[in-house]
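J.: Show me the folded form of this:
(one chain, ligands or ions: 1)
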Amino acid sequence: MDPRFIPLAVAVFAWFTFKVIRIGRRDEKLPPGPPTIPILGNIHLLPPKFPFLRFTEWAQKHGGIFSLKVGNGTIIVVSDMAIVKELLDDRSGETSSRPSLYAVDVVTGRNYLVTATSDDHVWRMGRKAIQPLLAPQAVQAHLPIAEAETAQLLHDILHNPEEFYSHIPRSTLSFMTSVVFGKPAPRHNSPEATLFREYVHQLSKTLSPEAAPVDLVPILKYVPERWAPWKQLWRETRRLQRSLYFGCLEQAEQRIHRGLKNETFIEKILDRQEELGLNREMIAYICGVLLDGGAETSSSFLKSLVLCLVRSPASLRKAQEEIDNVVGNERLPVSSDLQALPYVQAVIKETHRFRPGGPTAIPHATINDCQYREYIIPKGAPIFINVWGIFHDPNIFERPDEFWPDRYLLTHDGTKPGLSKNYSIRASLPFGSGKRLCPGIHLANTNLA
Ligand code: HEM
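T.: Have a look, this model is predicted:
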């Protein structure tokens, strides 16, 4: 090398090294968090399973809002209800986007409202289409379906109790396919039930941390499919998803064409198709997302409820006695009985607290750089609500690791008596926050109550 270039080469090398070792470092304007190492940041500390347990440990150490470095990226974790309110509810206009999830974009062709960013037509029109269908009054119309599904579920459990783990997801899927498309899935091997199981299995593989971390290592997006098993997985997930969504849509269209209307979501969305500017692709995905959003979440809640009550016979006995006293033994309880069943209400709340279906909810993201207290949260950084950590905080809940519904009879939100009046856990916490709050909350409560 020409000796004149040596100082330049040394300077370039030093600059490059400086840049590389800064990857993974926490900027001082970020919330605190566990110590980082060069390049990886905190990646090596992230467990592949149950990350909310580690988040909860870190929250005890670093506080209600902390940050993690994943390479050059940043993750924010909120484990304090007051911060959820300030940052995600009150400032929802700034924090209601979603982080990029490349694999989901490929699978869904960017038609999935759950992962769409807040400025995306898919999200805005999708929410506009479903909001009136899921309003508290509107969901009352589906009570007869919920009651019929409950009766079948109880029948199935009574006759074949060993299989309760498959009766429950069949029932919650059938409720959703009935409400959305007007078609129940009455058997474990009904075509929709089988397809949904296969699809959810593939989708969870696609989303699992063991699949290729393409958002972290973008070069993986460009590996040719024959050397990229994750791309084959995406392709198969897309095939199953489209087969489910468009299969259900086609059957509903044929039924409507034959003049057999039955007041389902699909009919109401088709009525507003022009007004909302929706094409057939978007309609299939809006209805499909409701199956995804409604069936698995409700099923995991009911499974947790059964397991919690089996492990807590005293709570089961108390709930049973209350139902026997109020409802008698001539009929099944129905949703309108719930008002008169405070202990049953407490059992439902305690199940959401003890085993929240979404222990870290679905991450939000900031739309721009966002100043919060003394911190700057970078644009696009995923923000997780550590729902598990809030619900299992020993400073807030008495014996948080115990299933104890009675706590909700002592205070309205189950927190320790005598906590500051300003601190309150809203009942909708398991359903997320701000503009992204689960739109299915009332339908879920109708079906689960
Ligand atoms: C026990 C039942 C349920 C639970 C625990 C639950 C929980 C959640 C959570 C935590 C979120 C993320 C909220 C956020 O980002 O802040 C969410 C979003 C969503 N849920 Fe639910 N959900 C349930 C039932 C349902 C039902 C029955 C439906 C459909 C009728 C539904 C449809 C959706 C949709 C479409 C979204 C995405 C909203 C958006 O990104 O704007 N969910 N749900």
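
J.: Okay, the closest residue in space to residue 142 that isn't next to it in sequence and residue 248: tell me how far apart.
T.: Distances taken as C-beta to C-beta, 6 or more residues apart in numbering put residue 179 closest to residue 142, at 5.0 Å, once the chain neighbours are dropped. For glycine as for every other residue, the C-beta is placed from the backbone atoms N, C-alpha and C. To residue 248, residue 179 is 12 Å away according to C-beta to C-beta, to the nearest Å.

J.: Pull the number of nearby residues for residue 71.
T.: Using other C-beta atoms under 10 Å, residue 71 has 15 neighbouring residues.

J.: Revised request: answer the last question for residue 166.
T.: 15.

J.: Counting neighbours, what do you get for residue 96?
T.: As a burial measure, residue 96 scores 21 neighbours (other C-beta under 10 Å).

J.: these two touch, right, it and residue 432?
T.: No: counting by C-beta atoms under 8 Å, residue 96 does not reach residue 432; the two are 10.0 Å apart.

J.: what sits against the residue nearest to residue 401 when sequence neighbours are not counted?
T.: Distances taken as C-beta to C-beta, 6+ apart put residue 392 closest to residue 401, at 6.5 Å, once the chain neighbours are dropped. With contact taken as C-beta atoms under 8 Å, 6 or more residues apart in numbering, residue 392 is in contact with 56, 400-401.

J.: What subset of those residues is buried?
T.: Buried subset of the contacts of residue 392 (neighbour count, 16 or more other C-beta atoms under 10 Å): 56, 400.

J.: In terms of secondary structure, what does the longest helix seen in the chain contact?
T.: Taking DSSP state H as the criterion, the chain has its longest helix at helix 280-311. Here helix 280-311 touches helix 121-130, helix 164-181, helix 191-207, helix 229-257, helix 265-271, helix 313-327, helix 342-354, helix 441-448, going by 3 or more C-beta pairs under 8 Å, 6 or more residues apart in numbering; DSSP states H and E.

J.: ok, that helix near the ligand or not?
T.: Yes: using C-beta under 6 Å from any ligand atom, a contact is recorded between helix 280-311 and the ligand, made by 289-290, 293-294, 297-298, 301.

J.: Next one: residue 96 from the ligand, what distance?
T.: 8 Å (C-beta to the nearest ligand atom, to the nearest Å).

J.: Near the ligand, which residues of the protein are found?
T.: Where the chain comes near the ligand, counting by C-beta under 6 Å from any ligand atom, the residues are 113-114, 127, 134, 289-290, 293-294, 297-298, 301, 357-358, 361-362, 364, 430-433, 436-440, 443-444.

J.: on that earlier part again, save the helices and strands packed on helix 280-311 as a markdown table, and put in distance to residue 409 and mean pLDDT too.
T.: Output for the helices and strands packed on helix 280-311, formatted as a markdown table (distance: least, C-beta to C-beta, whole Å; pLDDT from 0 to 100):
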| stretch | distance to residue 409 | mean pLDDT |
| --- | --- | --- |
| helix 121-130 | 35 | 96 |
| helix 164-181 | 27 | 96 |
| helix 191-207 | 36 | 96 |
| helix 229-257 | 42 | 96 |
| helix 265-271 | 36 | 96 |
| helix 313-327 | 10 | 97 |
| helix 342-354 | 6 | 97 |
| helix 441-448 | 19 | 84 |
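
J.: what's the most buried one of the ones you listed?
T.: Greatest average neighbour count among those goes to helix 164-181 (a mean of 23), per mean count of other C-beta atoms under 10 Å.

J.: quick one: the residue in the stretch 51-200 of the chain that the ligand sits nearest to and residue 126, what's the gap?
T.: Residue nearest to the ligand within the stretch 51-200 of the chain: residue 114 (4.2 Å; C-beta to the nearest ligand atom). According to C-beta to C-beta, residue 114 and residue 126 sit 9 Å apart.

J.: before we move on, what about residue 344?
T.: Residue 344 sits 34 Å away from residue 126, taking C-beta to C-beta as the criterion.

J.: what do you get for residue 70?
T.: 29 Å.

J.: Check residue 111 too.
T.: Taking C-beta to C-beta, one finds residue 111 at 9 Å from residue 126.

J.: now do residue 211
T.: Separation of residue 211 from residue 126 (C-beta to C-beta): 25 Å.

J.: Residue 295 too?
T.: Separation of residue 295 from residue 126 (C-beta to C-beta): 18 Å.

J.: returning to that earlier point: now list whatever residues contact both of residue 111 and residue 126.
T.: Common contact partners of residue 111 and residue 126 (C-beta under 8 Å, 6+ apart): 282, 285.

J.: thinking again about what came up before, now for the residues of helix 280-311 next to the ligand: which two are most distant?
T.: For the residues of helix 280-311 next to the ligand, the maximum inter-member distance is 18.4 Å, found between 289 and 301 (C-beta to C-beta).

J.: For these two, indicate the residue with more neighbours.
T.: Comparing residue 289 with residue 301 by neighbour count (other C-beta under 10 Å), the higher total belongs to residue 289, at 24 against 21.

J.: how much space between that one and residue 86?
T.: Residue 289 sits 29 Å away from residue 86, going by C-beta to C-beta.

J.: which stretches of the stretch 1-150 of the chain have low pLDDT?
T.: Counting by pLDDT under 70, the ranges of the stretch 1-150 of the chain that qualify are 1, 4, 7-21.

J.: Quick one, grab the pLDDT at the nearest residue to residue 353 once chain neighbours are set aside.
T.: The shortest distance from residue 353 to any non-neighbouring residue, by C-beta to C-beta, 6+ apart, is to residue 391 (4.5 Å). pLDDT, residue 391: 98.

J.: can you count the residues close to residue 391?
T.: With other C-beta under 10 Å as criterion, residue 391 counts 23.

J.: quick thing: my sequence starts at 45, can you match it?
T.: Sounds good: first residue 45 from here, last item residue 435.

J.: Correct me if wrong: it contacts residue 444.
T.: Yes: between residue 435 and residue 444 there is a contact at 6.9 Å, judged by C-beta under 8 Å.

J.: so the residue of the stretch 95-244 of the chain closest to the ligand sits in a strand?
T.: No: judged by DSSP: H, G, I helix; E, B strand; the rest coil, residue 158 forms no part of a strand; its state is coil.
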